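Asks: turn this into a structure:
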Amino acid sequence: MAMKHVRSGEVDTSEEVALALNRIIDNVNLTEAKVEQLTLGKKAAKVARAAEEKKGAVMFKTIVGLILVIVLLFGSISVADITVTDIREQTVRPERDLAILLRKKFAQHNTDIANSGFNIGTGKIFYVDSNVTTAGTGNSVRGAVVTLDEAINLCTANRGDIIYVMQGHAETIAAADGWDADVDGITIVHLGNGSDMGTYTYSATGSTVAIGATNVVVIGGRFLAGISIVTVGIDIEDGSDDCSLIGLEFPEPTTSSFEFLRAIINTTSDRLTVSGCTAYSADSDGATNFLDLDGGVINGLTFTHNLVIGDYDEGIVHSDDVDLEQELHWNVLTNLDAGEHCIEYTANATGHATYNTVQTDVVGTSMDLGTLSAHSNTWSSPTADQEGVTIFRPVTGINQLNASTITAINSGLTGVGFRASCEANVGGADEFTSIGLSGFGNDYFNTGWSVIVLLDSSGVGTAPEGEIRDIEDYISSTGVFTVDDDFSAAITTNDEVYVRRNEDLNFHDPTLTGTSGNIWYCDDGGSNGDGTTWQTAKTTLKAAEALMSAGDICYIGINHNENILNADAVTLNVAGTIFIGLGEGTARPLFDMDDDGTMLTIDAAVTLKNVQIRPGITACNIGVFFEDDSDGSVLEDCAFVDGEAAGTDEFTDAIIVDTVATDITIRNTTFFNTDAPGTFVNLDEATIANATITGCTMFGACTEAPIWGAAAVPTNLNIHNNTINNTSSGNLSIEFTGNATGSCTNNFLSGDTSGAILDPGLMRVSGNTQTIGVNAAAIDVPLKVGQSYGISVAKLDGDLDIFDVVGGPILITSFTGLVTETVAGAAEVTTIVFDGVDDFEFSTGVDVTGWVRGSRIVFSIANPAVLTQLALTTSGSGQTMVPWFCPIGMIEQTDDADNVQNGGWTWYMTFVPLAEGVTVVAQ
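Replies: So this is what the prediction gives:
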């Protein structure tokens, strides 16, 4: 046999190898046939013997050639090979055995080739191809079966069998259960891309395919409605739990009136995954759902990264049951049916819906999520040229800002304005330019709008700061405003203005009835006159507040500095008033609290913004006190700065919320103190409700947690996106030892004691992280189940606690040590033990006498319960321990001899929490 028959560079597939070798086999059989045709006789016998010798030589060359072909072609992957021990000249009959042996080997070779690309395991490989020339047993590509159902029937349950549906395969589904994946644990993989994938065309309204077993995975495949009103595409039958549909395609039918009423229906099967699927049903208006969940309670649905566009009479995803653990994420859904949802749970289902992009004709019927938790979902209209907007829940009223809705807001509401910086002035003292306020449409601000200059960037209080003018012209493209009277100095680069409806400001109404909303001024550089201008500004906040009525605004000047004593304590108790400090950083108004009482009380719905508050004595009791009637008050962009005598002066409580105060908001406020304050926000009252603390930054050695509720039970707290560093050893950052409710999310917390960072009471927690010590990476708080964590602690020799496991069991994945002080003395027998409800020993006692500094302490697979020393001269780690299960309790080290401490080490442990609420604290 010449090797030109088979060359590595000419053979690309196992099928081509089989063809080439079959040709070799045929040559061998042909040689045998020619020999048998020779007549016998003495001369013929001699010729026959020669032919036999020649045939043997040919056979030998054939065997060698076959071995070389296999080695050349498939040396790079682990597949079936034919060895010299498999084929021997003495044991192989040319006429039959060689062909049988080779075919067996190549059947195994085909299976190994398939497995090398997909999940090598114990299962068998089967092939489906409607285009195969002659249907076979399904064990090879050339011998594929012609229908998927045939291949399913070849599978064995829970063996891990895989079915490959070849590219170009096509089946007509003419009745119910056209194929039924009714064998547990099989995987069906459709090869090819796009329209080359196997296609199932439904030709009758009752045509279906089904999944009728557990743990079935279907990857790819095209499911095409070939007639109107196909009732069900894929039926997930009852009890078919833990199945997955991945990357399926439901193309737009070739005829506009064709559709699936329900592409996928799942009645009661739990933990179904539908991921990466694509469906189009936009031409017909007869579809009901893409995914129908109405048949019964379904737990554990995962619906993610799907693209569905169509006209569906109900929600694209629809359920009318109290389903649990529904997870819908990163889907792009468009429902063209007017007034219908993309996602609709009509009952109180639970779970999460995040980052879904939905399109419907109106936002109000885009998503009905029952009681699912929703985050970062967006909506837009499929017919409008607009950016998607975040879906608010409940979706009522105006849900996005555009020219029309801004106009509606401004014409129907008070309190709407725009603050912006200005660019270089090119038009004189009667104009200003703000690119940030361009784009509203020409003349938008011409009628009924005024402007106040909040900040002149050239100097403190320099003109035209504080001046007010009416706007009479506006150019949309450039953001150029013209006012009715010149400013005393031109507005220019980096000056800041505030544009607002003049009926809200009522600049020209001299009466102080409070019905029209007046502007008042407070500045220690003012004349303490009538408070209507900066020149006549009131010099104290108390005096300015005494002039105010509901709807009024008080501006507090840049660098205003006011000392407050008990006799001058301020109470802001006029509902609907706003106090705004001007300036940035340390130029903001500063209030020094120079007595030990309550310095500033808010006792009505008041907003206080952009001021500094400072303790001026040791143990100033309260900085800001939200009294019982302060419902709806806001403290925003304020700073509680370090004491007047840094390191000595502090607040006992910077902020206290009183017993029945509700809807208090503390936003973007900072707290810093270098002494020992008590708390930043004290919420230790049982009947506080709906308090929000968000975007705040806190640093100091608080003797209580900076956000503190003790054993009280405030309800519906919202504590989000705060950065808290409590430098007081062992004290928490957020502490509610009682059953406080609400949510506590995305807070960055720092302390020095693991497990003493966050106590949320009964609040829902998510995304919080903690750091322990300097230069330490943040980890989750509370710890996440299944996540790996590490912890360490330094100890001397002796009976000492090491790690306290609280809240639930853990799996210890490694436990090592490093000797930091050489162990002297005699009979220092050390044991790692567990002290809990039931005590036990993790290790046997080992005499560590003489273990020198730098020695490593490990547990090995050979001695999993023995402390093993790796001396300085020993190579290798030896640390391949089997994980330990550890229940709630204390991990300890004991010294059986109880000798005087004369050595030391650091213990290092990695672990995985096995339950929610686990805390592991180094002792």
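Asks: doesn't Ile812 belong to a strand?
Replies: Yes. Remark: Ile812 belongs to a strand, assigned using DSSP: H, G, I helix; E, B strand; the rest coil.
Asks: which non-adjacent residue is nearest it?
Replies: Nearest residue to Ile812, sequence neighbours excluded (Cβ to Cβ, 6 or more residues apart in numbering): Trp884, at 4.2 Å. C-beta coordinates here come from the backbone N, C-alpha and C atoms, glycine included.
Asks: can you classify the nearest residue to Phe445 once chain neighbours are set aside by secondary structure?
Replies: Distances taken as Cβ to Cβ, 6+ apart put Tyr474 closest to Phe445, at 4.2 Å, once the chain neighbours are dropped. Taking three-state DSSP as the rule, one finds Tyr474 in the strand state.
Asks: quick check: Tyr474 touching Val499?
Replies: No. Here Tyr474 does not reach Val499: they are 9.5 Å apart, not a contact under Cβ atoms under 8 Å.
Asks: now for those two: what residues contact both?
Replies: Phe445, Phe481 (Cβ atoms under 8 Å, 6 or more residues apart in numbering).
Asks: dump the residue contacts of the nearest residue to Asn673 once chain neighbours are set aside.
Replies: Distance criterion Cβ to Cβ, 6+ apart; nearest residue to Asn673, sequence neighbours excluded, is Gly700 at 4.1 Å. The contact partners of Gly700, taken as Cβ under 8 Å, 6+ apart, are Phe671, Phe672, Asn673, Thr674, Asp675, Pro677, Phe680, Pro706, Asn725, Asn726, Thr727, Ser728.
Asks: same check on Ser728?
Replies: The neighbours of Ser728, taking Cβ under 8 Å, 6+ apart as the test, are Ala676, Gly700, Ala701, Cys702, Thr703.
Asks: if I look at it, how far off is Thr214?
Replies: Per Cβ to Cβ, to the nearest Å, Ser728 is found 54 Å from Thr214.
Asks: tell me the domain ranges of the protein?
Replies: What automatic domain parsing lists as the domains of the chain is 3-112, 158-381, 403-504, 789-922.
Asks: identify, out of these, the most deeply packed stretch.
Replies: Most buried of the domains of the chain, by mean neighbour count (mean count of other Cβ atoms under 10 Å): domain 158-381, with a mean of 20.
Asks: now do the end-to-end distance for it.
Replies: Chord length of domain 158-381, first to last residue, is 47 Å (Cα to Cα, to the nearest Å).
Asks: what secondary structure does the closest residue to Ala605 other than its chain neighbours sit in?
Replies: Distance criterion Cβ to Cβ, 6+ apart; nearest residue to Ala605, sequence neighbours excluded, is Gly632 at 4.0 Å. Secondary structure state of Gly632, per three-state DSSP, is coil.
Asks: any stretches of the stretch 751-900 of the chain with poor pLDDT?
Replies: By pLDDT under 70, the low-scoring segments of the stretch 751-900 of the chain are 773-776, 825-826, 862, 872-880, 897-900.
Asks: would you map the strands across it?
Replies: Using DSSP state E, counting those that start in this stretch, the strands of the stretch 751-900 of the chain run over 758-759, 764-766, 769-772, 779-780, 789-796, 800-806, 810-821, 829-836, 840-841, 846-847, 856-858, 868-870, 884-886, 889-895.
Asks: got TSV for the ones you listed, with distance to Asp361 too?
Replies: Output for these, formatted as TSV (distance: least, Cβ to Cβ, whole Å):
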stretch	distance to Asp361
strand 758-759	44
strand 764-766	33
strand 769-772	41
strand 779-780	41
strand 789-796	49
strand 800-806	53
strand 810-821	52
strand 829-836	61
strand 840-841	66
strand 846-847	75
strand 856-858	66
strand 868-870	70
strand 884-886	56
strand 889-895	60
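Asks: out of those strands, flag the one nearest Gly221.
Replies: strand 764-766 (36.7 Å; Cβ to Cβ).
Asks: ok, that closest one: who's next to it in the sheet?
Replies: Partners of strand 764-766 in the sheet, by DSSP bridges, are strand 742-745 (parallel).
Asks: rewinding a little: my guess is the residue nearest to Ile812 meets Pro809, correct?
Replies: No. Trp884 is beyond contact range of Pro809, at 10.5 Å (criterion: Cβ under 8 Å).
Asks: which of the domains of the chain comes out lowest on mean pLDDT?
Replies: Lowest mean pLDDT within those: domain 3-112, a mean of 48.
Asks: which residues does Ile475 contact?
Replies: Ile475 neighbours (Cβ under 8 Å, 6+ apart): Asn442.
Asks: any idea how far it is from Ser421?
Replies: Remark: distance between Ile475 and Ser421 (Cβ to Cβ) = 18 Å.
Asks: ok, now Val274?
Replies: From Val274 across to Ser421, the span is 49 Å (Cβ to Cβ).
Asks: repeat for Gly160
Replies: Distance, Gly160 to Ser421, by Cβ to Cβ: 65 Å.
Asks: mind jotting down where the strands sit in the stretch 101-250 of the chain?
Replies: Going by DSSP E, counting those that start in this stretch, the stretch 101-250 of the chain shows strands at 125-128, 162-165, 170-173, 180-181, 187-190, 199-202, 209-211, 217-219, 222-225, 230-236, 244-246, 249-250.
Asks: where exactly do the helices run in this protein?
Replies: Applying DSSP state H to the chain gives helices spanning 14-36, 42-74, 97-117, 148-154, 403-412, 502-505, 541-545.
Asks: still on that earlier bit, who does the residue nearest to Asn673 form a beta bridge with?
Replies: For Gly700, the beta-bridge partners under DSSP bridges are Asn726.
Asks: pLDDT score assigned to it?
Replies: Per-residue confidence at Gly700 stands at 90 (pLDDT).
Asks: equivalent analysis for the one 5 residues further on, please.
Replies: Here the pLDDT value assigned to Ala705 is 92.
Asks: do you know how far the closest residue to it other than its chain neighbours is from Thr703?
Replies: Excluding the flanking residues, the one nearest Ala705 by Cβ to Cβ, 6+ apart is Glu735, at 3.6 Å. Distance check for Glu735 against Thr703: by Cβ to Cβ, it reads 11 Å.
Asks: out of those two, which sits in the more crowded spot?
Replies: A count of neighbours by other Cβ atoms under 10 Å puts Glu735 above the other of Glu735 and Thr703, at 27 against 15.
Asks: which residues touch that one?
Replies: Neighbours of Glu735 in contact, by Cβ under 8 Å, 6+ apart: Glu704, Ala705, Ile707, Trp708, Gly709, Ala710, Leu758, Asp759.
Asks: identify the residue spatially nearest to the fourth one, adjacent ones excluded.
Replies: Spatial nearest neighbour of Trp708, chain neighbours left out: Thr679 (4.4 Å); criterion: Cβ to Cβ, 6+ apart.
Asks: measure the one you found to Ile211 for me?
Replies: 57 Å.
Asks: just Thr334 next, same as before
Replies: Applying Cβ to Cβ, the value for Thr334 to Ile211 is 27 Å.
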